[in-house]
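1. any chance you could fold what I've pasted below:
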Amino acid sequence: MSNGEFEVSVYEEQALQVFKKYVIYYPAELETSDKQYPVIVICNGSGTPISKYPAVPEHYASWGFIVIGTEEENAWNGFGAEMSIRHLQRLNDNEQIEAGKTNIFYQKVDLSNVGIVGHSQGGVGVLNAITAQTHKDIYKAAVSLSPTNKEMAHGLEWDYDATLVDIPIMLISGAGGGDDWVVTGEQLESIYNDVADNKIMMRRNDTPHGEVLYSEDGYVTAWFMWQLQGDQNAAKAFVGDHAEILINPLYQDQQIAIK
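-> From the prediction side, this is the model:
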């Protein structure tokens, strides 16, 4: 839950899209290093552009990730995530983006280790980004936080098909304390059951819907450290007979099906 060892810098670039701009949080050392950094793409919740929750991407970046998001307010279809991937590819492939200006991201983006996370409508965006968008196969792991339940999503014309998910995914929602009205425990389990394998589900006790975005930073970070950085210490939170998520009293309804 605490920040990692990396100091974090922020880069913004305007976009001729409805989401206005790309915002990238990254370890400050990237500017002078020769290594590549794994990626986390963020899908926004309803009315929640990335500028409204900067602490979240900053937290991920402090653990060694390039984190990209937008000002998008309609993220359900994964379009913003798709364009974020295309933008990162452009940054990684071109030594200069503007004449006379050095591109600090040139050959620094590890596009073989890309994850994606989103909350609420953004949780739906995650599911559509990894199953329906052009670059769906670039993702290696995903986290969907309190994704809009299937019935509500259908009514809003935000349909998604979790049966198409073929990468490791973690589903987390709130429970109690007003409950997570966007996705109840039964509804989250229905989404979990649609995913064939390599999946985790859990619900945080006494955590209303809006707080799930922040309260899960620790486990989201550990998940991506394992899946994208190969950190076996982080993996202990999720696998084995004594996986931390199974014994953490803050959670309930844990289910794990990891190969």
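2. got the residue ranges for the helices in the stretch 1-150 of the chain?
-> Taking DSSP state H, counting those that start in this stretch, the helices of the stretch 1-150 of the chain run over residues 55-61, 79-93, 121-129, 150-155.
3. could you pull out the strands for the stretch 1-150 of the chain?
-> Ranges of strands in the stretch 1-150 of the chain, per DSSP state E, counting those that start in this stretch, are 8-14, 21-27, 37-43, 66-70, 96-98, 101-102, 109-119, 139-145.
4. pairing partners for the fourth one, with directions?
-> Put plainly, it is strand 66-70. Strand pairing for strand 66-70, determined by DSSP bridges: strand 21-27 (antiparallel), strand 37-43 (parallel).
5. deepest of the ones you listed, which one?
-> strand 37-43 (a mean of 28; mean count of other C-beta atoms under 10 Å). Every residue, glycine included, has its C-beta placed from N, CA and C.
6. how far off helix 79-93 does that one point, in degrees?
-> Here strand 37-43 points in a direction 160 degrees away from that of helix 79-93 (axes from the mean of the first three to the mean of the last three C-alpha atoms, to 10 degrees).
7. I'd like the numbering to begin with 179 instead of 1 from here.
-> Sure, I'll start numbering at 179, so the last one becomes strand 215-221.
8. quick check: mean pLDDT across strand 215-221?
-> Averaging pLDDT along strand 215-221 gives 98.
9. now stretch 268-288
-> For stretch 268-288, the per-residue pLDDT averages 90.
10. residues contacting it, please?
-> Residues from elsewhere that reach stretch 268-288 (C-beta atoms under 8 Å, 6 or more residues apart in numbering): 189, 202, 204, 208-209, 211, 213-217, 244, 266-267, 289, 406.
11. now it, how far from the centre of its chain.
-> Centre-to-centre, stretch 268-288 and its host chain are 24 Å apart (C-alpha atoms, centre = their mean, to the nearest Å).
12. what of stretch 326-344?
-> 17 Å.
13. which other residues reach that stretch?
-> Contact with stretch 326-344 is made by 254-255, 298-299, 301-302, 305-306, 308-310, 320, 325, 360-362, 365-366, 368-369, 372-374, 377, as judged by C-beta under 8 Å, 6+ apart.
14. picking up where we left off before, got a markdown table for the strands paired with strand 244-248, with distance to residue 331 too?
-> Shown next, in a markdown table, are these (distance: least, C-beta to C-beta, whole Å):
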| stretch | distance to residue 331 |
| --- | --- |
| strand 199-205 | 26 |
| strand 215-221 | 14 |
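15. mind checking the ones you listed for the one nearest to residue 348?
-> Nearest of those to residue 348, taken as C-beta to C-beta: strand 215-221 at 13.0 Å.
16. and that closest one with strand 287-297, angle?
-> Using the same axes, to 10 degrees: strand 215-221 against strand 287-297 is 30 degrees.
17. gap between the residue lying closest to residue 191 once chain neighbours are set aside and residue 244?
-> Excluding the flanking residues, the one nearest residue 191 by C-beta to C-beta, 6 or more residues apart in numbering is residue 200, at 5.0 Å. Distance, residue 200 to residue 244, using C-beta to C-beta, to the nearest Å: 11 Å.
18. for the nearest residue in space to residue 288 that is not next to it in sequence, give its distance to residue 270.
-> Counting by C-beta to C-beta, 6+ apart, residue 288 lies nearest to residue 214, which is 3.9 Å off, once chain neighbours are set aside. To residue 270, residue 214 is 9 Å away according to C-beta to C-beta.
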